[in-house]
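Engineer: Here is a sequence together with a model predicted from it:
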Amino acid sequence: MTDRVPLKELRDRCPDLDAACDIVARFAEILLNLRGQEKLEQWTSDAEASALPELRGFAAGLRKDWDAVMAGLSLHWNSGPVEGHVNRIKMLKRQMYGRAKPDLLRKRVLLYR
């Protein structure tokens with residue numbers, strides 16, 4: 001609990017830090033609860049209106065690929081299994097570099113579990 005006292009004091013002394021903490025905490029809540037459909041539009045508007053250029057830039061980046069951001073923050077589907085397979089294949093390829101022909105690499109990729 002002692003770590004929170006200095007942060008509260010800093011937030012009291014610096015309005016920009018206080019606003020940044022609030023905006024970032026709201027975004028974390030959207031990420032954790034997958035509430036993109038409900039709250040992301042308001043959050044992005046608030047971030048664009050903030051005094052901090054970093055938050056404005058981040059919000060502008062979200063607007064550039066809005067459909068993908070909304071899907072990522074509202075749908076339960078993800079590409080985790082696919083990324084896991086890609087990572088596994090890259091690991092096998094690194095292990096086999098310079099040691100075998102493509103036919104052996106193909107067999108290892110297909111048979112490795």
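Structural biologist: Structure received.
Engineer: Following element in sequence after the helix or strand hosting residue 60, please.
Structural biologist: Element membership for residue 60 (DSSP states H and E) is helix 53-64. Note on helix 53-64: by DSSP H and E, the next helix or strand toward the C-terminus is helix 66-74.
Engineer: For that next one, buried residues please.
Structural biologist: 69, 73 (16 or more other Cβ atoms under 10 Å). The C-beta positions use only the backbone N, C-alpha and C, and glycine is treated the same way.
Engineer: Just list what that helix packs against, helices and strands only.
Structural biologist: Judged by 3 or more Cβ pairs under 8 Å, 6 or more residues apart in numbering; DSSP states H and E, the packing partners of helix 66-74 are helix 36-48.
Engineer: Tell me the secondary structure at the most centrally placed residue in the chain.
Structural biologist: Centroid check for the chain by Cα atoms, centre = their mean gives residue 31 as the closest residue, at 8.3 Å. Using DSSP: H, G, I helix; E, B strand; the rest coil, the structure places residue 31 in helix.
Engineer: That one: what's it in contact with?
Structural biologist: Counting by Cβ atoms under 8 Å, 6 or more residues apart in numbering, residue 31 touches residue 73.
Engineer: How about the one 5 residues further on?
Structural biologist: Neighbour list for residue 36: 30, 69, 70, 72, 73, 74 [criterion: Cβ under 8 Å, 6+ apart].
Engineer: Against residue 53, how distant is the second one?
Structural biologist: Distance of residue 69 to residue 53, computed by Cβ to Cβ, to the nearest Å: 20 Å.
Engineer: the domain parsing of the chain - what is it?
Structural biologist: Following automatic domain parsing, the chain resolves into domains at 4-74, 80-111.
Engineer: and the end-to-end length of the last one?
Structural biologist: Pointing back at domain 80-111 there. By Cα to Cα, to the nearest Å, the extent of domain 80-111 from end to end equals 21 Å.
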